[in-house]
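Engineer: heads up, no residue letters with this:
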């Protein structure tokens with residue numbers, strides 16, 4: 001079984017689980033001011049972990065819900081079992097599963113799956129990104145005036161202030177602005193030309209690992225700036241590679 005086949009099997013099984021429970025009463029493990037952790041997050045990651053480690057027992061899992069497998073392995077799966085948990089909890093059908101495979105320091109495979117629309121983005125380094133088996137590419141839009149931008153505001157005061165300032169500044173120039181609640185889906189949308197840029201000052205690796213490879217393989221550009229304190233957190237600017245970044249920041 002190839003890495004992408006294993007990732008697809010895992011994502012589709014987890015997607016079926018999420019569809020089954022969508023719109024029902026859900027058990028909340030942890031509720032914060034701007035975030036929610038569901039028991040279903042853990043259950044989804046456990047399912048994904050089982051499928052991936054059955055296929056590749058020597059690999060490691062690095063996920064939002066914890067670690068598994070051989071952490072000394074040079075092959076590490078980066079997993080977000082529900083990206084857009086708050087959307088999911090409130091019955092908003094905009095969320096996804098994100099799975100990436102990193103070999104040493106290089107992400108080699110990426111997958112993002114929207115189980116509600118049955119849309120599956122896949123990419124292998126060096127090959128074209130695909131949506132449901134058909135090649136896709138980033139948009140050709142080159143000005144903010146014709147672009148749609150996705151801005152994330154983060155979960156702390158500083159990140160919120162930065163995000164709102166960027167939203168205000170860019171909204172005066174862009175065709176439309178969006179706050180959608182799923183970083184991974186936002187990047188998948190850039191890769192297939194639905195959106196033109198995504199910016200956020202604090203985002204976790206599992207949210208963007210697969211999306212970065214998708215965007216760059218589709219002709220776009222991703223800039224990551226590591227957080228000075230937390231190794232798992234980054235600031236991100238992702239675009240179609242054509243609109244002027246300096247007008248967004």
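Structural biologist: Perfect, I can see it now. Quantities reported herein were computed from a predicted structural model and do not represent experimental measurements. Residues are numbered from 1 along each chain as shown.

Engineer: tell me where the longest helix sits in the protein.
Structural biologist: Ranked by number of residues, the top helix in the chain under DSSP state H is helix 3-21.

Engineer: how far away is the closest residue to residue 192 other than its chain neighbours from residue 90?
Structural biologist: The shortest distance from residue 192 to any residue other than its chain neighbours is 3.9 Å, reached at residue 136 (C-beta to C-beta, 6 or more residues apart in numbering). Where you see a C-beta, it was placed from the backbone N, CA and C, and this is true even at glycine. According to C-beta to C-beta, to the nearest Å, residue 136 stands 29 Å off from residue 90.

Engineer: which residues does residue 214 contact?
Structural biologist: With contact taken as C-beta atoms under 8 Å, 6 or more residues apart in numbering, residue 214 is in contact with 110, 112, 121, 123, 129, 187-188, 191.

Engineer: residue 223: which of these is nearest?
Structural biologist: Taking C-beta to C-beta as the measure, residue 223 sits nearest to residue 187 out of those, at 12.8 Å.

Engineer: burial count for the closest one?
Structural biologist: Residue 187: 31 surrounding residues under other C-beta atoms under 10 Å.

Engineer: wait, doesn't it sit right on residue 212?
Structural biologist: Yes: the pair residue 187 / residue 212 is scored as a contact, 7.0 Å apart, by C-beta atoms under 8 Å.

Engineer: returning to that earlier point: and the contacts of residue 214, which of them are in helices?
Structural biologist: With helices identified by DSSP H, the entries of the contacts of residue 214 that belong to them are 187-188, 191.

Engineer: okay, those residues in JSON lines with distance to residue 199 next?
Structural biologist: Rendered in JSON lines, the data for those read as follows (distance: C-beta to C-beta, whole Å):
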{"residue": "187", "distance to residue 199": "11"}
{"residue": "188", "distance to residue 199": "16"}
{"residue": "191", "distance to residue 199": "16"}
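
Engineer: any idea which of these is closest to residue 201?
Structural biologist: Among those, and counting by C-beta to C-beta, the member closest to residue 201 is residue 187, at 15.8 Å.

Engineer: who's sitting farthest from the centroid in the chain?
Structural biologist: Relative to the average C-alpha location in the chain, and by C-alpha atoms, centre = their mean, no residue lies farther out than residue 172, which sits at 26.7 Å.
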